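> what shape does this take:
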Amino acid sequence: MSKILALYTNEMIKLSRKLSVWMLVILMAISCLFVPVMAGKLFDGNELYNPHADETKAQITKTRDALREVLGDPNQYVQHTTLRFNKGNEVSELFGTYIDLEDGDLINQYSYLTCYNTVLDTYNFDAHPLDNNYLAVSAFELYSDMNRSLCFLNTTPFAERDAEWFSEYNNTMEALSLAGSALFNHDMSSMVALASMDIMRTSGLLSVSTWQRMKEVDPNGTFSFSEGSLVADALEECETYRHYLDIGAEPNQDGYLPLSKARRQQLEDSILILEYQISHGTLPDYEAERCVSCRQFTNGIARFFLILLTILIAGSSISQELATGSIKSLIIAPVKRWKIFLAKLLSIITWALAGSILITLMTTLSCMLFLGSPALPPYYYVAGGTVKTIPHFLFSLLMFLADNISLFVYILTAFMISCLTKNTGISVGVSAGLLLGGNLIYSLFTLFGHSMWIDFLPFSNMDLSGHIFPHLELIGFADASEAGLFGFSANSAIPLSFSVTYLVVLCLLLLLIAYDGFVRKDIQ
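Residues are numbered from 1 along each chain as shown. Predicted structure coming up:
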């Protein structure tokens, strides 16, 4: 054991004296520290679009006045009469309004003018800012839409109005009344009732169940637009997952795919996590998504340099010493070759692990420093039916290691070639070629459809992050791979057990071939 430790220490010292190693370490550190400065400007996250961000009282007044200049007195387009509609044995009377406009743009302008007049006369802008309150924004949009629909209905000449028109008119008036109650009275119950109407099914309005949950979570409608949008999206996502669970399938490219036991459990856990985030107010917001996206990009670049570093170390570890004959001193010592082999392998893995920890630490600090985020979101998972969290730094390190399975495959490949040949260029070049071209090769194979043999390619089994951390999207990850650059989007349908078994067998084969080549190599 002491000889292995001494050999290991000697290897670490030798590697630390290589200029090429430190050049790559510096590049890795620079990417971790300064890429977030540039990436922060590139990644704006999924900032929620507010269609009424400029709907302040002053802006509405300005728009209303501009419409008045175009249309003049709105009463000049209006005519009234009493209409009677027969439905069975019943006769209904309606004090009908006819708007004498035929141009669609003018009708829209007229509807906005009447809507803005009512809002300016009735709405309490101080209590519920119309430009930054989720309930107010939603209700205002629906009130505007229903008002416009009513105006278009009223452009139908009196003589052409029949029972079908009357039914549509009544439904529109009911929806307009509920939208008005939600807007002017800031009433969540009106939004629930509005969502239940048949006329609103194609309006893009949230479902009844979602608005009912919104009412439970935010009974007084105090959420800002961003807060409310995040909660509404999460609740809709829960509804979607529940629907998949109810029907036992989820959509894919070919229609619907039956849920496996693992996928069913993942959906159930996702619902628990989303409900937990909603109740605790920890849904990933715009800033969190921006930080995570920036970190993914930064880790991708730093990871590329780390793989190059370890490939360089592994590729030259034995071949260079065999080529120069410097390994003779170890053989003469005498030291058994398996101890030399093990010491060199451990030193390479140490550099890989040290680089992973360094990248995780530096990207965490730099993202928090340059992006102004007090904390990156933790990772959520479910154990025993209870939602639990992993601190972001620890999760990031575990995620980086899980996402770097390919790193160890590249290391062993370079190490194996280094043991079989005396040519550092071949071992480094082949491994670097696999790094740069692996994803391209895999993509080319999958262009012609998925075949069983593709599952047995190494590239199909290198991405285990989505299996190990199935809820990445719930903390703002853009996709299932933190690698970003030079990562693999392998077939998620491949079971984790198959991929793990495949990689274990592959790594053992590479090690056995490397060891056999090393112990059989003549030292001259």
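
> for the helix or strand hosting Leu27, packing partners?
Applying DSSP states H and E as the criterion places Leu27 in helix 19-42. Helices and strands touching helix 19-42, as assessed by 3 or more C-beta pairs under 8 Å, 6 or more residues apart in numbering; DSSP states H and E, comprise helix 286-317, helix 337-370. No exception for glycine: its C-beta is placed from N, CA and C like everyone else's.

> of all the ones you listed, which one is nearest Ala179?
Closest to Ala179 of the helices and strands packed on helix 19-42 is helix 286-317 (C-beta to C-beta; 27.9 Å).

> so which elements touch the closest one?
helix 19-42, helix 337-370, helix 392-402, helix 405-420, helix 424-446.

> if we use 6 Å, what do you get?
Judged by 3 or more C-beta pairs under 6 Å, 6 or more residues apart in numbering; DSSP states H and E, helix 286-317 is in contact with helix 19-42, helix 337-370, helix 405-420, helix 424-446.

> got the angle for that helix vs helix 392-402?
Taking axes from the mean of the first three to the mean of the last three C-alpha atoms, to 10 degrees, one finds that helix 286-317 is oriented at 40 degrees with respect to helix 392-402.

> what average pLDDT does helix 286-317 get?
Helix 286-317 shows a mean pLDDT of 83.

> same check on stretch 105-123?
Summarised as a single mean, pLDDT over stretch 105-123 is 93.

> repeat that for stretch 60-69.
92.

> one more: stretch 421-439?
Throughout stretch 421-439, pLDDT has a mean value of 77.

> do the same with stretch 238-258
In this model, stretch 238-258 has a mean pLDDT of 89.

> okay, that stretch in CSV with CA atoms only?
As requested, the backbone C-alpha atoms of stretch 238-258 are provided in CSV (Å, rounded to 0.1, in the frame of the first residue of the first chain):
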residue,chain,number,x,y,z
CYS,A,238,-50.0,19.5,-12.6
GLU,A,239,-53.4,19.1,-14.5
THR,A,240,-51.6,17.8,-17.6
TYR,A,241,-49.6,15.3,-15.5
ARG,A,242,-52.8,14.1,-13.8
HIS,A,243,-54.5,13.7,-17.2
TYR,A,244,-51.6,11.5,-18.4
LEU,A,245,-51.9,9.4,-15.2
ASP,A,246,-55.6,9.1,-15.7
ILE,A,247,-55.4,7.8,-19.3
GLY,A,248,-52.2,5.9,-18.6
ALA,A,249,-50.3,7.4,-21.5
GLU,A,250,-48.6,10.5,-22.8
PRO,A,251,-48.2,12.0,-26.2
ASN,A,252,-45.1,11.4,-28.4
GLN,A,253,-44.2,11.7,-32.0
ASP,A,254,-46.1,8.6,-33.0
GLY,A,255,-49.3,9.4,-31.0
TYR,A,256,-49.5,8.2,-27.4
LEU,A,257,-47.0,6.1,-25.5
PRO,A,258,-48.2,4.0,-22.5
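
> need the contact partners of it.
Contacts with stretch 238-258, where a contact means C-beta atoms under 6 Å, 6 or more residues apart in numbering, come from Leu259, Leu267, Ser270, Ile271, Leu274.

> please apply the same query to stretch 100-118.
Outside stretch 100-118, the residues that reach it (C-beta under 6 Å, 6+ apart) are Ile60, Arg64, Leu67, Leu71, Pro74, Tyr77, Ser144, Asn147, Arg148, Cys151.

> and the third one, what does it touch?
By C-beta under 6 Å, 6+ apart, the residues touching Leu67 are Gln109, Leu113.

> assumed it was part of a helix.
Yes: when the secondary structure is assigned by DSSP: H, G, I helix; E, B strand; the rest coil, Leu67 falls within a helix.

> gap between it and Ala249?
As for Leu67, its distance to Ala249 is 50 Å (criterion: C-beta to C-beta, to the nearest Å).

> kindly report the same for the fifth one.
When C-beta to C-beta is applied, the distance between Pro74 and Ala249 equals 53 Å.

> contacts only, for Leu267.
For Leu267, the residues meeting the contact criterion (C-beta under 6 Å, 6+ apart) are Tyr241, Tyr244, Leu245.

> and for Leu342, the neighbour number?
Using other C-beta atoms under 10 Å, Leu342 has 15 other residues around it.

> grab the nearest non-local neighbour of it.
Spatial nearest neighbour of Leu342, excluding adjacent residues (C-beta to C-beta, 6 or more residues apart in numbering): Ile4 at 6.0 Å.

> tell me if I'm right that that neighbour and Lys339 touch.
Yes: Ile4 is in contact with Lys339 according to C-beta atoms under 6 Å; the separation is 5.1 Å.

> and the pLDDT for Ser451?
The predicted local distance difference test score for Ser451 is 62.

> coming back round to it: who wins on neighbours among the contacts of stretch 238-258?
With neighbours taken as other C-beta under 10 Å, the top of those is Leu274, carrying 22 neighbours.

> now that residue: which helix or strand?
With the criterion set as DSSP H and E, the secondary-structure element containing Leu274 is helix 261-280.

> from the chain's centre, how far out does that helix sit?
Here the centre of mass of C-alpha atoms in helix 261-280, compared against the chain's by C-alpha atoms, centre = their mean, to the nearest Å, lies 16 Å away.

> give me the buried positions along it.
Judged by neighbour count using 16 or more other C-beta atoms under 10 Å, the buried positions of helix 261-280 are 263, 266-267, 269-278.

> any buried residues in stretch 138-153, and which?
Of the residues in stretch 138-153, those buried under the neighbour-count criterion (16+ other C-beta under 10 Å) are 138-151, 153.

> closest one of these to Asn185?
Ranked by distance to Asn185 (C-beta to C-beta), the buried residues of stretch 138-153 are led by Ala139 at 9.4 Å.
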